[in-house]
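> sequence below, structure please.
(one chain, ligands or ions: 1)
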Amino acid sequence: MRMILVGPPGAGKGTQAAKLVETYRIPHISSGEMLRDAVKEGTALGVKADGFMKSGQLVPDDVVIGMILERIAKADCAAGFMLDGFPRTLPQAEALDDAMNKAGVTLEAVVLIEIPDQMVVDRLSGRRTDPVTGTIYHMIFNPPPADVVSRLVQRKDDTVEAAVTRVAKYHSETAPVVPFYDGKGIVKRVDGVGTPDAITARITAVLAR
Ligand code: AMP
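Take a look at the predicted model:
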């Protein structure tokens, strides 16, 4: 299965990907996670990406496209992959399309997780990640167990200011990839409001159709 998760920041892409890869047994490839690792490690790519990420801007296409195409060419992606956070612009979608055509493989599904704009800031400001397990929590909607609370971290771009920029970028840059994939008839729309388990059930149901 080769698939993409699309949706505004805070829609639950990362949370859902972590649950879905157990069912589909394919690697979860998060462009945001790869970029955050590069920033942490201080690689040339990380140094380039850091400022864009902190302010909620998109990292330039050439940087992200190279990173992802290299990743999906690895052996563990031969039977499929789940992309989360990529493509985020039309040029990224076109580059992925080209690369997949050249490799003779097809994209089966684009799952679009939809939440209203007014939910985004609430979701992002309460979001915390466990650096040990990578689990994503929300202090109100998906509360962490008491014994991990003290080690949870907040992403630098989960501030109100960066969140507002990220929503605006989603509408101006990322939303146009949806009609691109609609043209191929592979977009599956899922309501992203509800508990994480309810949304996983909706996604597995649309993918089974
Ligand atoms: P995410 O973890 O998907 O919310 O991504 C966090 C940040 O990483 C974004 O706000 C962007 O600055 C950057 N980023 C992640 N994926 C992409 C992408 N496909 N294109 C450009 N920037 C990206």
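> extract the CA atoms of stretch 175-182 and return them as PDB.
What follows is stretch 175-182 as a C-alpha-only set of coordinates in PDB (Å, rounded to 0.1, in the frame of the first residue of the first chain):
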ATOM      1  CA  ALA A 175      -4.900  22.600  -0.200                       C
ATOM      2  CA  PRO A 176      -4.100  22.800  -4.000                       C
ATOM      3  CA  VAL A 177      -2.700  19.300  -3.900                       C
ATOM      4  CA  VAL A 178      -6.200  17.900  -3.200                       C
ATOM      5  CA  PRO A 179      -7.700  18.700  -6.600                       C
ATOM      6  CA  PHE A 180      -4.500  17.300  -8.200                       C
ATOM      7  CA  TYR A 181      -5.200  13.900  -6.500                       C
ATOM      8  CA  ASP A 182      -9.000  14.300  -7.000                       C
END
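> could you find the closest non-adjacent residue to whichever residue of the chain sits closest to the ligand?
Going by C-beta to the nearest ligand atom, the ligand is nearest to Gly32 of the chain, at 1.9 Å. Glycine gets a C-beta too; all of them are placed from N, C-alpha and C. Once flanking residues are discounted, Gly32 sits nearest to Gly85: 4.6 Å by C-beta to C-beta, 6 or more residues apart in numbering.
> which bits of this protein sit near the ligand?
9, 31-32, 35, 52-53, 56-59, 64, 85-86, 88, 92, 157, 166 (C-beta under 6 Å from any ligand atom).
> and with 5 Å instead?
Residues of the chain lying near the ligand by C-beta under 5 Å from any ligand atom: Ser31, Gly32, Leu35, Met53, Leu58, Val59, Val64, Gly85, Phe86, Arg88.
> report pLDDT for the second one.
The predicted local distance difference test score for Gly32 is 95.
> what comes up buried for the host helix or strand of it?
Following DSSP states H and E, one finds Gly32 within helix 31-41. Residues of helix 31-41 classed as buried: Ser31, Gly32, Glu33, Met34, Leu35, Arg36, Ala38, Val39 (neighbour count, 16 or more other C-beta atoms under 10 Å).
> ok, which stretches of the protein are strands?
2-6, 28-30, 81-84, 109-114, 127-129, 136-138, 187-191 (DSSP state E).
> distance between the ends of stretch 66-83?
Start and end residues of stretch 66-83 are separated by 14 Å (C-alpha to C-alpha, to the nearest Å).
> repeat that for stretch 167-184.
Start-to-end span of stretch 167-184 (C-alpha to C-alpha) is 25 Å.
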